[in-house]
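# sequence isn't available, so here's the structure alone:
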């Protein structure tokens, strides 16, 4: 019965916090800020991963359409144009376009590998580890806050030196020892998360930028050839 009462008090504390009728007295401002930072990181990483994955999927569709368009130009230039020079240009442009789309395909695959997939992996490892640490900290923190609320209420209704007050004070001290341990663990994991996030993001973005640069240089060179070919037709 006593265990059930404690669980009920913890659930009540959680409900009051969610409704905004009370807030944690155990967590200091720095810890609350760290938890909010983790929430933002989790949300933003999920957004980067889902939109990045969608972007790669849409690029894949665009590549397929571009290849179909290139094949149509090449096919039409291969037998249905009376002017041989125009027919040759159509076929050559079709080939160039297909080369551009193949380069885009390679860039898209490399971009997925260099940035989007690692972001997803980071969510499943480092961010999950931090969230697990937060959940562990929250479980102890709720117990601690519940006892702090109980202690404050008892002090209003009883003599500060009464057995009830002293017993609850000791319970608070015992829980605080557990709280300090998990809070320290959470802070250390978050410090590691921030360091790894910054290091990995810079490396991943650098590789992503190089892939994009390589593609646009290749595409530019191919279209320059196409422009030269078209300029030579009278």
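Cool, the structure landed. Predicted model only: the values in this text are computed from it and were never measured.
# the helix or strand containing residue 121: how far from the chain's middle?
Applying DSSP states H and E as the criterion places residue 121 in helix 117-122. Chain-centre distance of helix 117-122: 8 Å, with CA atoms, centre = their mean, to the nearest Å.
# same question, stretch 204-211
So, by CA atoms, centre = their mean, the centroid of stretch 204-211 is 17 Å from its chain's centroid.
# name the nearest residue to residue 77, ignoring sequence neighbours.
Spatial nearest neighbour of residue 77, excluding adjacent residues (CB to CB, 6 or more residues apart in numbering): residue 90 at 2.8 Å. Heads up, the C-betas are built off the backbone N, CA and C, glycines and all.
# cool, and residue 72?
That would be residue 94: by CB to CB, 6+ apart, it lies 7.5 Å from residue 72.
# how much space separates the one you found from residue 220?
Distance, residue 94 to residue 220, by CB to CB, to the nearest Å: 19 Å.
# phi first, then psi, for residue 25.
Per-residue torsions, residue 25: phi -100, psi -10 (degrees, to the nearest 10).
# on contacts alone, who are the packing partners of the helix holding residue 121?
If you count contacts as 3 or more CB pairs under 8 Å, 6 or more residues apart in numbering; DSSP states H and E, helix 117-122 packs onto helix 29-77, helix 163-231.
# could those helices go into TSV alongside mean neighbour count and mean pLDDT?
Below are the helices and strands packed on helix 117-122 laid out as TSV (neighbours: other CB atoms under 10 Å; pLDDT from 0 to 100):
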stretch	mean neighbour count	mean pLDDT
helix 29-77	14	95
helix 163-231	14	94
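# save the ones you listed as JSON lines, and put in distance to residue 151 too.
Formatted as JSON lines, the helices and strands packed on helix 117-122 follow (distance: least, CB to CB, whole Å):
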{"stretch": "helix 29-77", "distance to residue 151": "20"}
{"stretch": "helix 163-231", "distance to residue 151": "5"}
